[in-house]
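> need a structure here:
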Amino acid sequence: MKEKNLPVDIKSKSLDELKEILNNLVEKIEKNKTLNHSEEDYLEIFRLNRFVEKKFQNSSKEISEKNRLRIKQILKKNGKKVK
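From the prediction side, this is the model:
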């Protein structure tokens, strides 16, 4: 499922909330003895996992950029050369 096709409520959830949803899906699959009914749950896990990975990567990039800017400001304040 592409990110643009995800329900709005999923897009607005935090990483912790998405983790909880994924854990619930895994528990549901583990309880279900037949795999016939679990196929859609497996697909949902893969879709959500991809979304979580993208969200994590974006968060990581934002943190790195903020840290880079802070370091740049500190070096500038201390009179050091800034690249």
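> Tell me which residue lies nearest the centroid of the chain.
Compute the mean C-alpha point of the chain, and by C-alpha atoms, centre = their mean the closest residue is V52, 2.6 Å away.
> State the pLDDT value of that one.
Predicted confidence (pLDDT) for V52: 89.
> N78 too?
Model confidence at N78 (pLDDT) stands at 84.
> What's the local residue count around it?
Number of residues near N78 (other C-beta atoms under 10 Å) recorded here: 7. (Each C-beta comes from the backbone N, C-alpha and C, glycine too.)
> Can you tell me which helices and strands the helix or strand that contains F56 packs against?
F56 is part of helix 39-77, with elements assigned from DSSP states H and E. Contacting helix 39-77 under the criterion 3 or more C-beta pairs under 8 Å, 6 or more residues apart in numbering; DSSP states H and E are the following elements: helix 8-11, helix 15-31.
> Looking at these, which one is packed in the most?
Most buried of these, by mean neighbour count (mean count of other C-beta atoms under 10 Å): helix 15-31, with a mean of 12.
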